[in-house]
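# Return atomic coordinates for the entry below.
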Amino acid sequence: MSAPVGISRYFLVACLALALLLVSVLVVSGPSESVGGVDGDEVAMRHSSLLRIVERDGCSVVEVRNPWGGGLLKRYLLVPAESELPAGMPDGVVVRTPVERALVFSGVHVALFEELGVADRVAAVCDARYIYSDATANRLSRGEVVDCGSSLDINMEQVAMASPDVAFVLPYENGGYGKLENAALPLFECADYMEVSPLACAEWVRLYGRLLGKAVVADSIFNAVCDEYEALRGLTAGCECRPKLMCELKSSSAWYMPGGASTMGCMYADAGADYLFSHLEGNGSVPLAFEAVLDKAAEADVWLIKYNSEVDKTYSSLLAEFEGYSHFRPFKENNIYACNTGNKSLFEDRSFHPEKMLRELVALFHPELLPGYEMKYYERMR
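Below you'll find the model as predicted:
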């Protein structure tokens, strides 16, 4: 005999409710990949969109948002070197502070170690040929800093020789760290370059200061950066005449143009330029065909380029690289400004001192606002 229809319906509803309850319990009790699930005294961030720092008894919890897909990229637990691990810590990568011996992947971060007064804590580097600090170059030549080779094929014997406490690595979307991932070494992912504004990127100095035992110095540096940057931005706020700007060079088959929401896209706007590719979405660079760039920027007023070369580029060398450059007005009117990053500290300064870069751009686009300024990074190409 079949069960009454009413009972069957009640039974089905009850089963469905029980199933939903079980799912909700599993979701709540399962491992969290979201940011913001750790309690404590949260450090107020002025601009960063990727960092969350929470002070707890015995440790600082650092949560780094995933800039490519949301959620959590990594959680770090900063614990003083002389302390025992506190009970009840959340899951995360333990980093003992202050960091005394670091493997550093980027010249930008090497420069920051120097500014914070702890250059001697750079125990090893990767891609040494891209580190332009004279102080670190001298330490490399004396063997005081270990050269671990290419970041794409790191020399693990050299890493072992350096015996670092932490590796400061550069994360990329869906990227890894090869042999370094098998080492018993905390990997700190320096995602500062993926922030959404120049001041957001610069705010990471506050985190690095906490990692290196220089929190007070780092906070002071950042506050001064913010004050000067915002003052410079205020100078251009009322500028009605904004030069039409294009930038970069073609690389192989694509022209990588910064998106309007990228740190450089934001800085161009703050400097009082009409950046012709501000419509591009995203906070990274967007590959464009030459024809698309020419269609949008043929009548640009100013063209900014940067490159790394032992020999400075000229109009003749640009033409030899690609004849299509000659179709742009700044090429025809000798209004290209170039920065050779092989002998200029643009990258080292721009990340954590965007006010220096902004001052240069304001002087370039609106020289009347900063009379007497001498260019430090860019010069009119010959």
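
# what's the nearest residue to residue 118 if we skip its chain neighbours?
Using C-beta to C-beta, 6 or more residues apart in numbering and skipping residues adjacent in sequence, the residue nearest residue 118 is residue 212, 5.3 Å away. Backbone N, C-alpha and C define where each C-beta goes, glycine included.

# typo on my end, it should be residue 111
Nearest in space to residue 111, with sequence neighbours left out and distances taken as C-beta to C-beta, 6+ apart, is residue 348 at 4.0 Å.

# Now for the one you found: which residues touch it?
Residues near residue 348 by C-beta atoms under 8 Å, 6 or more residues apart in numbering: 107, 108, 110, 111, 132, 133.

# Residue 171 too?
Counted by C-beta under 8 Å, 6+ apart, residue 171 has contacts 73, 189, 190, 191, 194.

# So what's the residue count around the second one?
Residue 189 sits with 19 neighbouring residues when counted by other C-beta atoms under 10 Å.

# repeat for the first one
With neighbours defined by other C-beta under 10 Å, the count for residue 73 comes to 19.

# how would you label it: helix, strand or coil?
When classified by DSSP: H, G, I helix; E, B strand; the rest coil, residue 73 comes out as strand.

# hang on, it packs against residue 65?
Yes: Residue 73 is within contact range of residue 65, at 6.2 Å (criterion: C-beta atoms under 8 Å).

# shared neighbours, the two?
Common neighbours of residue 73 and residue 65, using C-beta under 8 Å, 6+ apart, are residue 50.

# quick one, helices of this structure?
In the chain, the segments counted as helices under DSSP state H are 5-29, 107-115, 134-141, 156-162, 198-202, 204-211, 215-236, 263-270, 290-297, 315-321, 329-332, 346-350, 354-365.

# low pLDDT regions in the stretch 251-382 of the chain?
Nowhere does the stretch 251-382 of the chain drop to pLDDT under 70.

# Could you check how far the residue nearest the centre of the chain is from residue 234?
Centroid check for the chain by C-alpha atoms, centre = their mean gives residue 193 as the closest residue, at 0.9 Å. Noted for residue 193: a distance of 26 Å to residue 234, by C-beta to C-beta, to the nearest Å.

# what's the answer for residue 117, then?
Distance from residue 117 to residue 234, counting by C-beta to C-beta: 31 Å.

# now do residue 195
From residue 195 to residue 234 the distance is 22 Å (C-beta to C-beta).

# Could you do residue 67 as well?
Taken as C-beta to C-beta, the span from residue 67 to residue 234 is 29 Å.

# Those two: which has the busier surroundings?
Each of residue 67 and residue 234 has its neighbours counted (other C-beta under 10 Å); residue 67 has more, 19 against 10.

# Quick one: residues contacting the more buried one.
50, 73, 191, 194, 195, 283.

# Any chance of those in a markdown table with distance to residue 89 as columns?
A markdown table is the format used below for the contacts of residue 67 (distance: C-beta to C-beta, whole Å):
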| residue | distance to residue 89 |
| --- | --- |
| 50 | 22 |
| 73 | 19 |
| 191 | 22 |
| 194 | 27 |
| 195 | 27 |
| 283 | 32 |
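
# Would you check which pair of those residues lies furthest apart?
Maximum pairwise distance among these (C-beta to C-beta): 14.8 Å, between 73 and 283.

# neighbours around residue 186, how many?
17.

# and what of residue 358?
Residue 358 has 27 neighbours, counted by other C-beta under 10 Å.

# what's the spacing between it and residue 319?
Going from residue 358 to residue 319 by C-beta to C-beta gives 31 Å.

# try residue 77
Taking C-beta to C-beta, one finds residue 77 at 55 Å from residue 319.
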